[in-house]
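In: next input, structure requested:
(one chain, ligands or ions: 1)
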Amino acid sequence: MRTLRTSIADVLLIEPRVFGDVRGFFLESFNQRGWEEATGLQTRFVQDNHSRSVRGTLRGLHYQVHRPQGKLVRVVSGEVFDVAVDLRRSSPDFGKWVGAHLSAENMRQMWIPEGFAHGFLVLSEVADFLYKATDYYCPEHERCIAWNDPDLGIEWPIEGQPLVSAKDAAGGSFRIAETY
Ligand SMILES: Cc1cn([C@H]2C[C@H](O)[C@@H](COP(=O)(O)OP(=O)(O)O[C@H]3O[C@@H](C)C(=O)[C@@H](O)[C@H]3O)O2)c(=O)[nH]c1=O
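Out: The predicted model follows:
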C-alpha cells in the first residue's frame, strides 16, 4: 500500500496494492501490520460499516463528541466526494476541510482521524460505501454540522440540493459546534 498526504497533515489517502489478472483483481483492503508500518499508527478498529446511497445523496457532516471515531473509508461500487473537517481546536488546520474522490475504480481509501467531522456526496448512480471505525456508534454522542455551513465553505461538486436525511437537514452551524 501507498500512503499519500493531503492538505491536512493527519488525513491520509491510501492506495492499496492491486493484483490484476485475467480473472479480475485481488487486494488487501486492510492489513494491520502494513497499516502500522505505513502510518506509524497503532489503530484498533472495532466496527465495520456499509451504506448504499443513490446519486445526489449527501451524508454528513457527522462526528461523535466524547467518543470520537477514526474512520478508514472506501467505495466498492460507484464514486463519492469524501470530506473531512478538522474539529481539533489545537490544530493549525482547525475549521479546514479536505476532499477526495473515492471510487470503485481508483480503489483509494481515506483515513479520517479522531477529531474530524466526516461526510460524503454520491456522484454515481449508486455508491456502496464501506468503512472501519475505531469506536462504537454512540447515538447520544452523535453530532451533525450542516453540509453547507457558510464558515466551512466546502466546495461540494453538486449543482442544486443534495438528498439528505431529516437529521442532516437539521445540522447545526460550525460556529457553535462542540469541537475537540
Ligand atoms: C452510523 C450508524 C447508524 N446506525 C443506524 C442508526 C439509523 O437508524 C440508521 C441510519 O443512520 P444514519 O442516518 O446516522 O447513517 P449515516 O448518515 O450513513 O451515518 C454515517 O454517516 C457518515 C458520513 C459517517 O461518517 C458515519 O460515521 C455515520 O455517521 O442506522 C447504526 O445502527 N450504527 C451505526 O454505526
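In: where does the prediction get shaky in this structure?
Out: Nowhere does the chain drop to pLDDT under 70.
In: which residue does it bring closest to the ligand?
Out: Scanning the chain for the residue nearest the ligand gives Tyr137, at 3.0 Å (criterion: Cβ to the nearest ligand atom). C-beta here means a position set from N, CA and C on the backbone, and glycine is covered the same way.
In: surely that residue and Gln47 touch.
Out: Yes: between Tyr137 and Gln47 a contact is recorded at 6.6 Å, counting by Cβ atoms under 8 Å.
In: could you find the closest non-adjacent residue to Glu36?
Out: Leaving out its chain neighbours, the residue that sits closest to Glu36 by Cβ to Cβ, 6 or more residues apart in numbering is Gln42, at 6.3 Å.
In: distance check, the one you found against Trp35.
Out: The gap separating Gln42 from Trp35 is 9 Å, by Cβ to Cβ, to the nearest Å.
In: the two: which is more packed in?
Out: Applying other Cβ atoms under 10 Å to Gln42 and Trp35 shows that Trp35 carries more neighbours, namely 21 against 8.
In: can you tell me how far the more buried one sits from Thr57?
Out: Using Cβ to Cβ, Trp35 is found at 29 Å from Thr57.
In: next: Glu140.
Out: 25 Å.
In: when the two are compared, which one has more neighbours?
Out: Thr57 (21 against 8).
In: partners of that one in the sheet?
Out: Thr57 forms beta bridges with Leu163, as assigned by DSSP bridges.
In: who in this protein is up against the ligand?
Out: Counting by Cβ under 6 Å from any ligand atom, the residues of the chain close to the ligand are Asn49, Ser51, Arg59, Gly60, His62, Lys71, His118, Gly119, Phe120, Tyr137, Ser165, Lys167.
In: switch the cut-off to 5 Å
Out: Ser51, Arg59, Gly60, His62, His118, Gly119, Tyr137, Ser165 (Cβ under 5 Å from any ligand atom).
In: report the buried members of the residues you listed.
Out: Among these, those scoring as buried are Arg59, Gly60, His62, His118, Gly119 (criterion: 16 or more other Cβ atoms under 10 Å).
In: next, format those residues as a markdown table and append distance to Arg89.
Out: Listed next are these as a markdown table, based on distance: Cβ to Cβ, whole Å:
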| residue | distance to Arg89 |
| --- | --- |
| Arg59 | 25 |
| Gly60 | 20 |
| His62 | 19 |
| His118 | 18 |
| Gly119 | 20 |
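In: and these, which two are furthest apart?
Out: Spatial extent of these (Cβ to Cβ) is set by the pair Arg59 and His118 at 8.7 Å.
In: mind checking the backbone torsions on the residue of the chain positioned farthest from its centre?
Out: Taking Cα atoms, centre = their mean, the residue of the chain most remote from its mean C-alpha position is Val22, at 31.9 Å. With angles defined as degrees, to the nearest 10, Val22 sits at phi -60, psi -20.
In: good, wrapping up.
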